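Trainee: Output the structure for:
(chains A and B)
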Amino acid sequence: MKNSTLGDLKVDQTGVVCKIHGDSRFISRIISIGLTPNSSFTVLQNDGRSPVLVYCRDTIIAINRKECAQIEVSL
Amino acid sequence: MKTIALLGQPNSGKSTLYNALTGAHQRVGNWPGKTVEKAEGDFFYKEQLFRIADLPGSYGLTANSEEEVVTRDFIERGNADLVCLIVDASQLERSLFMLADFAGIHCPAMLVLNMMDVAKENGKTIDVAKIESLLGIPVLGFTASDDAEYPKFYETLEKAVENPRILSAEGIRKIADAVKDSSVERLESLLDGADFGVREHFWVASKLLENDPLVMAEVRATVSPDRFAEVEAVLKSEKSAGGLITGEAKYRWISEILRDSVVEKKNVVKLSRFDKIATHRIKGKLLAFGIMFVTLIGCMVLALPGMMIGFGLMSVSGPVVHSISESLGIWPVLESFVNGVLIGGLGLTICMTSFVFAIVFVFALVENVGYMARFSYVFDSWLSRLGLHGKAIMPLFSGLACTAGAACGTRVLDMRGQRLFAMVLLWGIPCGAKLSVVLFLATAFFGSAAPLFALVFLILIFASFYLSSKIFGGKLLPLEERVGMIMELPPYHKPQWKALLKMVGRNTWSVFKKALVIIVSASLIFWALSYSSDGNVENTVLYTIGNAIEPVTKLFGMRWQLFVSYLGGVFSKEASLGIMSTIFGSTDTAFSLISRDDAGANLAEVLSAAVSKPEALAFVFASMFNVPCVLAMGSTYREANSLKWMFAIMGYYFAISLGLAFVAYHVGLLIF
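Mentor: Numbering: from 1, shown residues only, chains lettered A, B, ... in the order given. Sure, this is the predicted structure:
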């Protein structure tokens, strides 16, 4: 089965980050805000256009759709 | 004197702590060679002087942005006697990442767990003593918005300074090295024998793995070329994923510390009903516009008393000064000076400052309660095209009311480059006064074609945004720092009224001081240029200058009368009309710089008779992008903290407006 990315999940679905792709600048940003491999999160809003809202490590994080595609997740 | 560096992520309450500690004893400057603001303040405790450096907020210590470079540099150089890390206790795990990123830098440290009250409300029990024993540095459970908590803070600070403790990265290292054939371990061994000052080799190796550009350059300069080739080989094998290894190790270290020291009940997380609206693609924007609209009205209401004092001062003082100077038999020149420069300048400054107060207050409130991030979220798609953060919408929108106040509102943006760029755009957005003057002129000269001018104006404003982003965007908003939105939406807070009002009061006062200097000097210059003992314009310096440079200004379609009016517009929009009515009208009275009372009802008729169509076209276009006013100059100077930048923005808009006038005039000559 093809791995899903963050943008594929629907509201209220909970997932775990598997892999993060991208350059080291992106990785450093996403890690310092709290999303790391093996961290779990809940999708709060995904309307297909705006940045995706996820709840992770006690806070709401907004992630741009393009960047979401770089984050592989599993349910 | 002891220097304390405040280090914390955005929304950790760092600025609340900083403001509470230093009160009015703050200095703002720039870090040398950087567009990053430097904030320092002092306070005394037990007769000891403490200097607090409020380091720019960032999520970690990797040197990706100028802010992070400044922060890292300050700590690495050992400039601080103590690093005070401040984290949000209600989001401890995520917030402690900064501590994990700092671990391994041997500078004495203490940790403040802020917002303990919120953590408790959320059902978290935090064993502070346990965390302290695990970390080996002083740790304090704290609520920065509560005055009663500060004695505890000072005690911990004293303890931390007297008995300095450092935070080793040993715990993270063990986790990272547990992986078989760990690349951090290999990198660390390659660094053997090199000296990195206060930084552990493990810390340097981690940053190498995270592709930190500064550490990379430093290692290249420190180790032998052969060694560096080996370092590069290790990094190449990890590609860009190196940061994931160390990042994960840091978070695992954090969870190990929190495992036994924090008890929390699991909450079901859902977007609150308000947030569902606030972050909705359409409803969220409508709500935001509604809030901005209410904000603008609120600003007017808040600013009203100040405006009344300002204008009242000017109208009351006129006759008073007149009668005093008459009874004392002082020269009329002195009377004109006192009225025009001193009282006029002061009155204008009060008016403007009250508007600034209102905007700064409302913006700070929106930020303080946590709503600002929602603004950014819904408007990011619009503003990111210009390279700006979504929350720039607030100052830009309020620019429609008052450029000067909105310039102070750019403070909501975190990075100085963003603030400067927002100010550049802001000057191109017409404030209420500019819009009414431009429309008045368009109607006076071109009658029913005026709506067409409004449309062209609108198009030109967006064109100016594009031009600005081409000219200033590259320097102020470096492309490599522009990444898609990855942003925290912090939880809502109750406003901290006391801290808020203090902060707003201090800001307004400092705007007032700087604005007064600029406005009084500008009033002085204009007064001197436009003074004539008999009210005849041809006896003013302005006339002499205007006349002398007329051959040049005629290229832009402006005879001396028009050019002098254009220059008056730099002072204030009203002055532009006032000068025109004096020059073209038959009114004997000397024109006023601040009120348009003199711009009589027949000004429109007089103007259209005295000015040819091509000239009128040139003048209307020149007025569109003329410098907003002297108040806007004052507040831009104060917010940019640089005269150089203020003059750069001024020059830029002179170029645009004269360029447009040139084109309009010559096109007009062909058409009419």
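Trainee: Run a quick neighbour tally on B:Phe44.
Mentor: By the criterion of other C-beta atoms under 10 Å in any protein chain shown, B:Phe44 has 9 neighbours. (Glycine included, C-beta is placed from N, CA and C.)
Trainee: and the longest helix for chain A?
Mentor: helix A:24-32 (DSSP state H).
Trainee: Which secondary structure elements does that one sit against?
Mentor: The helices and strands touching helix A:24-32, judged by 3 or more C-beta pairs under 8 Å, 6 or more residues apart in numbering or on different chains; DSSP states H and E, are strand A:14-20, helix B:97-102, helix B:242-259.
Trainee: Briefly note if the longest one comes near chain A.
Mentor: Yes - using C-beta under 8 Å from any C-beta of the partner chain, helix B:242-259 comes into contact with chain A via B:Gly242, B:Gly243, B:Leu244, B:Gly247, B:Glu248, B:Tyr251.
Trainee: picking up where we left off before, tell me the buried residues in the very next helix or strand once past the longest helix of chain A?
Mentor: Counting by DSSP states H and E, the next helix or strand C-terminal to helix A:24-32 is strand A:40-45. By 16 or more other C-beta atoms under 10 Å in any protein chain shown, the buried positions in strand A:40-45 come out as A:Phe41, A:Thr42, A:Val43, A:Leu44, A:Gln45.
Trainee: For stretch B:232-245, what is the distance to the chain centroid?
Mentor: 37 Å (C-alpha atoms, centre = their mean, to the nearest Å).
Trainee: Alpha carbons of that stretch, as PDB, please.
Mentor: Once non-C-alpha atoms are left out, stretch B:232-245 reads as follows in PDB (Å, rounded to 0.1, in the frame of the first residue of the first chain):
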ATOM      1  CA  GLU B 232      31.600  15.500   4.500                       C
ATOM      2  CA  ALA B 233      31.500  11.800   3.600                       C
ATOM      3  CA  VAL B 234      29.500  11.100   6.800                       C
ATOM      4  CA  LEU B 235      27.100  14.000   6.100                       C
ATOM      5  CA  LYS B 236      26.700  12.900   2.500                       C
ATOM      6  CA  SER B 237      25.600   9.400   3.600                       C
ATOM      7  CA  GLU B 238      22.900  11.000   5.800                       C
ATOM      8  CA  LYS B 239      21.800  13.600   3.200                       C
ATOM      9  CA  SER B 240      19.300  16.000   4.700                       C
ATOM     10  CA  ALA B 241      17.800  13.400   7.100                       C
ATOM     11  CA  GLY B 242      20.600  14.000   9.700                       C
ATOM     12  CA  GLY B 243      18.400  16.500  11.500                       C
ATOM     13  CA  LEU B 244      15.800  13.800  12.000                       C
ATOM     14  CA  ILE B 245      18.200  11.700  14.000                       C
END
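Trainee: for the record, mean pLDDT for that stretch?
Mentor: On average, the pLDDT along stretch B:232-245 is 88.
Trainee: Which residue is the nearest non-sequential neighbour of B:Ser354?
Mentor: Excluding the flanking residues, the one nearest B:Ser354 by C-beta to C-beta, 6 or more residues apart in numbering or on different chains is B:Gly306, at 2.1 Å.
Trainee: Could you report the neighbour count for residue 8?
Mentor: Just going to use chain A. Neighbour tally, A:Asp8, other C-beta under 10 Å: 18.
Trainee: looking at chain B here, not the other one
Mentor: With other C-beta under 10 Å as criterion, B:Gly8 counts 26.
Trainee: tell me the phi and psi of it?
Mentor: Dihedral angles of B:Gly8 (phi, psi; degrees, to the nearest 10) stand at phi -170, psi 160.
Trainee: and whatever residue of chain A ends up closest to chain B, what does it touch?
Mentor: Nearest residue of chain A to chain B: A:Asn64, at 3.0 Å (C-beta to the nearest C-beta). Contacts for A:Asn64 (C-beta atoms under 8 Å, 6 or more residues apart in numbering or on different chains) come out as A:Pro51, B:Asp380, B:Val483, B:Gly484, B:Met485, B:Ile486.
Trainee: Now the closest residue to the fifth one other than its chain neighbours: phi and psi?
Mentor: By the measure of C-beta to C-beta, 6+ apart, the closest residue to B:Met485 outside its immediate chain neighbours is A:Asn64, 4.5 Å from it. As for A:Asn64, its main-chain torsions (degrees, to the nearest 10) stand at phi -50, psi 140.
Trainee: try the one 5 residues further on
Mentor: With angles defined as degrees, to the nearest 10, A:Ala69 shows backbone torsions of phi -70, psi -20.
Trainee: likewise the one 3 residues further on?
Mentor: Its backbone dihedrals place A:Glu72 at phi -90, psi 140, with angles given as degrees, to the nearest 10.
Trainee: Quickly check the residues of helix B:242-259 next to chain A for the two that are furthest apart.
Mentor: B:Gly242 and B:Tyr251 (15.4 Å; C-beta to C-beta).
Trainee: where does chain A come near chain B, residue by residue?
Mentor: A:12, A:20, A:22-34, A:36-39, A:42, A:44-45, A:47, A:49-51, A:53, A:55-67.
Trainee: Is it possible to mark the buried ones in the residues you listed?
Mentor: A:20, A:22, A:24-34, A:36-37, A:39, A:42, A:44-45, A:50-51, A:53, A:55-65, A:67.
Trainee: Near chain A, which residues of the stretch 351-500 of chain B? Just list them.
Mentor: Near chain A, when you scan the stretch 351-500 of chain B using C-beta under 8 Å from any C-beta, you find B:373, B:377-378, B:380-381, B:480, B:483-491.
Trainee: let's see 10 Å
Mentor: B:373-374, B:376-378, B:380-381, B:384, B:390, B:480-481, B:483-491 (C-beta under 10 Å from any C-beta of the partner chain).
Trainee: Put the buried members of those residues into a PyMOL selection.
Mentor: Selection command for PyMOL covering only the buried members of these, criterion 16+ other C-beta under 10 Å:
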select buried, chain B and resi 373+374+376+377+378+380+381+384+390+483+484+485+486+487+488+489+490+491
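Trainee: Among the residues of the stretch 351-500 of chain B next to chain A, which ones are in strands?
Mentor: B:Ile486, B:Met487, B:Glu488, B:Leu489 (DSSP state E).
Trainee: In chain B, which residue sits nearest chain A?
Mentor: Closest point on chain B to chain A, by C-beta to the nearest C-beta, is B:Gly484, at 3.0 Å.
Trainee: Identify the residues contacting the residue nearest in space to the middle of chain B.
Mentor: Central residue of chain B (C-alpha atoms, centre = their mean): B:Arg411, 3.0 Å from the mean position. Shown in contact with B:Arg411 (C-beta atoms under 10 Å, 6 or more residues apart in numbering or on different chains): B:Glu37, B:Ile359, B:Val360, B:Phe363, B:Ala364, B:Glu367, B:Pro395, B:Arg419, B:Ala422, B:Asn507, B:Glu639.
Trainee: Go ahead and list the helix or strand containing the nearest residue to B:Leu643 once chain neighbours are set aside.
Mentor: Residue nearest to B:Leu643 in three dimensions, not counting chain neighbours: B:Tyr637, with 6.0 Å by C-beta to C-beta, 6+ apart. Per DSSP H and E: B:Tyr637 is located in helix B:630-640.
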